[in-house]
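Asks: predicted structure and sequence below. I'll ask about it afterward.
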Amino acid sequence: MNYEAVIGLEVHVQVKTRSKIFTRVSTGYGYEPNTLTDPVVLALPGALPVMNKAALDAIIKAGLLLGCEIAPVCKWDRKQYFYPDSPKNYQISQYDQPICLGGTVEIELPGSARNVMGEHKKIPLTRIHLEEDVGKLNHGANDSLVDYNRAGTPLMEIVSDPAMHTAEEAYAYLTSLRATMIYGGISDCDMEKGQLRCDANISIRPVGETKLGVKVELKNLNSISYVRDGIAHEIKRQIGVLERGGIIVQETRDYDGMTGTSQSLRSKEMAHDYRYFPDPDLMPVKVDEAWKDKLRAECPELPFDKQRRFLADYQLPYTLTSALVWDHALADYFEAAAKLSGKPQATGNWIVNDLLRELGAAKLGLADSRVAPAHIAALVKLVDSGTVLTNAAKEIFVEMFATGDQPDAVAERKGLNAAPTDSNGLEQWCRDAIAANPKALAEFKSGKDSAINAFKGPIMKAAKGKANPKLVDETLRKLLASS
Amino acid sequence: MTSEPFYQTIAQLAAALDAKRLSSVDLTKAVIARTKAVEGRVHAFNSFDETDALAQASSSDARRAAGQARGALDGIPIGFKDVIAVTGQPLTASSKMLANFVSPYDATVTTKLKNAGAVVWGRLNMDEFAMGSSTENSANGPTSNPWDLTRVPGGSSGGSAAALAAGEAIATLGSDTGGSIRQPAALCGVVGLKPTYGLVSRFGLIAFASSLDQIGPFARTVEDAAIVLGAIAGYDERDSTSFQTEIPDYRVDLKQRQGPWKLGIPKEYFGEGLDPEIAAAVERTIAFYKGQGCEIKEVSLPHTQYCLDTYYVIATAEASSNLARYDGIRYGHRSQNASDIVDLYFKSRAEGFGAEVKRRIILGTYVLSSGYYDAYYLRAQKVRTLIRNDFLATFRDVDALITPTSPMPAFKIGEKADPLALYLCDIYTIGVNLAGLPGISVPCGFTKSGLPIGAQLIGQPFRESELLAIAHAYEQAHDWKNKFPAL
Amino acid sequence: MSAPADLNIDHVATLARLALTPEEKAKFAQQIGDVLHHIEQLKKVDVSGVEPTAHAAPVFNVWADDVSKPGLSVEAALKNAPAQRDHMVVVPKVVE
């Protein structure tokens, strides 16, 4: 029998704010344990929560970027369960009135080849709500240690419909979602720092069946590739169970990316009854058009929209657009340079091939680069005008990257300009070359245009490789026409 | 009239302090001495810190000597219900759960009173986590009513009322969720004010029922209550439920606002279960106002019979959630008999909480549990709307309402063993919390056996000035404030 | 009066994480049953079309700007902790 998997993802994204969601002590990662707390974070007797406006701005922006409907009014609810990482033993969350409803995440599946655009799909979202993160447990041999630094960090829960069918789709979904959040300045989405966390709900059913199968929740998918591998593994596992005549049990499984295996979390956890009710310590939120408009104005163009524009407006090849659009800063850098150079593709090539290579080798980010878009544009122009040759330009780039000097200054200093630039010297080399090769002259005269190339070798040799090929060609044609 | 400083009013003492007839240190010493003399019988305090109080008093004297006194409260010892956080002082809610807890921060009202120069004095006994109407539900044992030591002072802020009545503080703070300031004020013969919900910050107040809790003063006079209210009221950016409103000078308003007022008498508050002596005293109070030219109008609050049930659903639901944080993990009582992490929760909470707290947690957990939310909590919130609307409708015709504060005078310690019987103590005070209104209890006489009686005045939201002025008019014409228990 | 048939005191005590003795269970079941019986009268109230009151005076959008302010020192944060090690709160081993 052929099976089809049905996958829904629950993604938690930490919102990048200075202070916590319900109190003003700092957020942060990597600080000494319990140095980012206050009476609210620790749920001391008498402490009360106060909303952080920036966290609300961020989730509304996320909703606008993903095409969600923004609820005109939403409220806060207490989700009640006892756990040592949850200081109040309830989590302030949003139950029946989330701030964002619906929306989609656009994804691209792998194409038939690297340089071919793959199929695009829109994965529908169920909802996005805002809640508070919990603290962190560190497990020792005989006990556990609790650090509350993370507790109270604003956290968005982004829930997709069960609308994906392959691990590749889930991977593409997460990649796109992550880029959107980073683009919007909503989160840095560093999975190693737990800024983006993903749980997957997976079921399988015979192809053609419309009812959903029994779902298994897969947890601890700690990197984007673990998400893909974990889901692929789980689909295979479930099919295996059915093919051996077994049944799928509804359970939560823990995926171990190191070993590529999963394990059931059959804890003695008591049945959940979260006893949600509206938090009486907080007032509801009303979102009006003016607030949305203000945030809408701050919304950036999303990567796929940018890619479509780069393909159409700059006529860039697909691979180049893929290399540029996923990094907002890099895409902006490209556009600035392309505007100055007027040669988008050449500009894109320099950025993707040379700049990224040098940055990578130097372990630097784009923001650290001494090469500004103007440098790239100037270099493109030097090559285009024939002032420097491609090989020389590569050398100029490396020097420019190291020093931050303008390319013409580097060319001058290192003697990398195409030479000679005065046409008299060049003309003499051309005359000499024509005179030395009467056979080619005759062929050219008889209409074989490519015969002209036979003269160029000796000229380049005479110019020690620094002749401007465009000028050489022009000069030769002028002389040949009159000889 | 007594000349003992510990029985004087803030207004009198402030004048004496300003005239250098008295120092804050001497006043504080007198209060400490009085406390030591009577506390063995009254047991109003969970703890007090003499050294700290005297240091505060001495700072106050230095300020006054330098001409930098901060107003009427500078140097005045004020007792705090043990549910309001004071940095470096115990904060126990009269619970074994918090027996060893020391607050690392100040409640907003604490900061405000410190800024006003008040001497923060002692931690006052109460029903555990403010759950009760008699101060018998305390891990530290009951407080006695200074007017009759065999009787309860009321509750939950019984320590705050008793300490003031016994001269162990010049004013005190309490908290009121369903009557916990007004009822003990009535039973102990002092003034007790529950402000409009949102007028006083709850930041640093141990939460019982978040949508009902409010901090307020106990004082010997309405004027003193106005002075303390003026110091603690106002919007607080750390309490989302505090309200942005202009804070008037209540003390000035008190004297400037004159009647006659239109006063409503809700008929539902004078029915079955009301002690006849209390009914008579309140009738006399009403007659006084009538004699002053006030228009007295019978009004109806038709949903009154549902107040108690609505209250017990909402208050216990919120409490069950608010008290989840007491788990022995980050602070508080941790069981030494737990076998694992799950057991730690069960045993720490079972050992740390008293019976009434457990009962209310169970009830509150039940009404929020899956399948019951709509039938109980949501329905109670809707009935709450009707109750509030009842009150607001009467205020179209009247300025304030007059009712008894408590259906009964102070009862014997141990007399009411049945929870439901105790819950009935609050039938006249609960509606005010549900509707978020200000309410004040003022002494209006004594029973034949010498137990104080209180009348409750209920005002309109954020119109404390008017409420205080109405109460002040009555108080000025009567001598109840100059009667003190024989201790 | 006895508890409503659907008051499962064991279940509710479990949700509330309260270890109750058999005596407490019996007593609470009866007492809470009485209160619940009393509360039943709320069902008589016609609440159709009535909005619930969560706050006596509801206002919207009470928030603070995103500025970070100093919190508690580690010492102050852990001062009341029943058990601590390495600046963290110690709890019995949590099996996830």
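Replies: Structure received.

Asks: and the contacts of stretch A:378-396?
Replies: Here stretch A:378-396 makes contact (CB atoms under 8 Å, 6 or more residues apart in numbering or on different chains) with A:337, A:340-341, A:343, A:346-347, A:350, A:354, A:397, A:400, A:406-408, A:410-411, A:414, A:416-418, A:421, A:465-466, A:468-471. All C-beta atoms are positioned from the backbone trio N, CA, C, and that covers glycine.

Asks: mind checking the end-to-end distance for that stretch?
Replies: Stretch A:378-396 has an end-to-end distance of 11 Å (CA to CA, to the nearest Å).

Asks: let me know the average pLDDT across that stretch.
Replies: Stretch A:378-396 carries an average pLDDT of 88.

Asks: thinking again about what came up before, filter the contacts of stretch A:378-396 to the buried ones?
Replies: For those, a burial check counting by 16 or more other CB atoms under 10 Å in any protein chain shown picks out A:337, A:340-341, A:343, A:346-347, A:350, A:354, A:397, A:400, A:406-408, A:410-411, A:416-418, A:466, A:468, A:471.

Asks: for chain C, give me its nearest residue in chain B.
Replies: With CB to the nearest CB as the measure, B:Gly436 is the residue of chain B nearest to chain C, at 2.2 Å.

Asks: re earlier: the contacts of stretch A:378-396: which ones sit near chain B?
Replies: With CB under 8 Å from any CB of the partner chain as the criterion, the contacts of stretch A:378-396 include none near chain B.

Asks: restricted to helices, list the residues you listed.
Replies: A:337, A:340-341, A:346-347, A:397, A:400, A:407-408, A:410-411, A:414, A:469-471 (DSSP state H).

Asks: now do the SS call for the residue with the largest distance to the centre of chain B.
Replies: The outermost residue of chain B, judged against the average C-alpha position, is B:Ser339 (40.7 Å), by CA atoms, centre = their mean. The local conformation at B:Ser339, judged by DSSP: H, G, I helix; E, B strand; the rest coil, is coil.

Asks: distance check, it against chain A.
Replies: Relative to chain A, B:Ser339 is positioned 12 Å away (CB to the nearest CB, to the nearest Å).

Asks: let me know the pLDDT of the most centrally placed residue in chain C.
Replies: By CA atoms, centre = their mean, chain C has its centre lying nearest to C:Ala16, at 7.0 Å. If you check C:Ala16, the pLDDT there is 97.

Asks: do the same with B:Thr2
Replies: Confidence score, pLDDT, at B:Thr2: 57.

Asks: identify the residue spatially nearest to B:Leu22, adjacent ones excluded.
Replies: B:Ala16 (4.2 Å; CB to CB, 6 or more residues apart in numbering or on different chains).

Asks: list the contacts of the one you found.
Replies: B:5, B:8, B:22.

Asks: most neighbours among these, which one?
Replies: B:Gln8 (22 neighbours; other CB atoms under 10 Å in any protein chain shown).

Asks: tell me who's in contact with residue 21.
Replies: Went with chain A since none was named. A:15, A:51-52, A:55, A:92, A:130-132, A:152-155.

Asks: you looked at the wrong chain, it should be chain C
Replies: No contacts exist for C:Thr21 under CB under 8 Å, 6+ apart.

Asks: of the contacts of B:Ala16, which belong to strands?
Replies: Within those, no residue falls in strands by DSSP state E.

Asks: export the residues you listed as TSV, with columns for pLDDT and distance to B:Asp224.
Replies: Below are those laid out as TSV (pLDDT from 0 to 100; distance: CB to CB, whole Å):
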residue	pLDDT	distance to B:Asp224
B:Pro5	95	14
B:Gln8	97	10
B:Leu22	97	16
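
Asks: between those residues, which sits nearest B:Gly178?
Replies: Closest approach to B:Gly178 among these (CB to CB): B:Gln8, at 31.6 Å.

Asks: helix/strand/coil for B:Glu223?
Replies: helix.

Asks: show me the shaky parts of the stretch 351-487 of chain B.
Replies: Judged by pLDDT under 70, the stretch 351-487 of chain B has no weakly predicted residues.

Asks: an error on my part: the question was meant for chain B.
Replies: In chain B (pLDDT under 70), the answer is B:1-2.

Asks: would you point out which residue is most central in it?
Replies: B:Ile181 (2.3 Å).

Asks: that one and B:Ala219 touch, don't they?
Replies: No: using CB atoms under 8 Å, B:Ile181 is not in contact with B:Ala219, being 10.7 Å away.

Asks: got any residues that touch both of these two?
Replies: B:Leu193.

Asks: tell me who's in contact with B:Gly354.
Replies: B:95-96, B:128, B:137, B:139 are the contacts of B:Gly354 under CB under 8 Å, 6+ apart.

Asks: tell me where chain C has strands.
Replies: So, for chain C - with DSSP E - the strands run C:63-64, C:84-85, C:88-92.

Asks: export those to a markdown table and tack on mean neighbour count?
Replies: Formatted as a markdown table, the strands of chain C follow (neighbours: other CB atoms under 10 Å in any protein chain shown):
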| stretch | mean neighbour count |
| --- | --- |
| strand C:63-64 | 18 |
| strand C:84-85 | 16 |
| strand C:88-92 | 22 |
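
Asks: out of the ones you listed, which comes closest to B:Arg330?
Replies: Here strand C:88-92 is closest among those (CB to CB), at 5.7 Å.

Asks: report the distance from the closest one to the chain centre.
Replies: Relative to its chain's centre, strand C:88-92 lies at 23 Å (CA atoms, centre = their mean, to the nearest Å).

Asks: now do the phi/psi pair for A:Lys343.
Replies: phi -130, psi 80 (degrees, to the nearest 10).

Asks: now for it: which residues touch it?
Replies: A:380-381, A:384.

Asks: hang on, the earlier thing: return the member of the ones in helices among the contacts of stretch A:378-396 nearest to chain B.
Replies: Each of the ones in helices among the contacts of stretch A:378-396 was scored against chain B by CB to the nearest CB, and A:Ala337 proved nearest at 46.9 Å.

Asks: wait, a helix at A:Arg127?
Replies: No: membership of A:Arg127 in a helix is not supported by three-state DSSP, which gives strand.

Asks: helix or strand right after the helix-or-strand element of chain A with minimal mean pLDDT?
Replies: Ranking every helix and strand in chain A by mean pLDDT, DSSP states H and E puts helix A:423-436 at the bottom, with a mean of 81. Downstream of helix A:423-436, the next assigned helix or strand under DSSP states H and E is helix A:438-445.

Asks: and the stretch 51-200 of chain A, which residues reach chain B?
Replies: Counting by CB under 8 Å from any CB, the residues of the stretch 51-200 of chain A that sit close to chain B are A:51, A:78, A:80, A:82, A:84, A:87-90, A:144, A:146, A:148.

Asks: test for you: state the pLDDT assigned to residue 6.
Replies: With no chain named, the answer covers chain A. So A:Val6 comes in at 98 (pLDDT).

Asks: oops, wrong one, chain C.
Replies: 72.

Asks: from C:His38, how far out is it?
Replies: Note on C:Asp6: its distance to C:His38, by CB to CB, to the nearest Å, is 16 Å.

Asks: give me the more crowded residue out of these two.
Replies: C:His38 (15 against 10).

Asks: so that one touches B:Cys307, yeah?
Replies: No: checked against CB under 8 Å, the pair C:His38 and B:Cys307 is beyond contact range at 11.9 Å.

Asks: run through the residues that contact the residue of chain B closest to chain C.
Replies: B:196-198, B:388, B:461, C:55-57 are the contacts of B:Gly436 under CB under 8 Å, 6+ apart.
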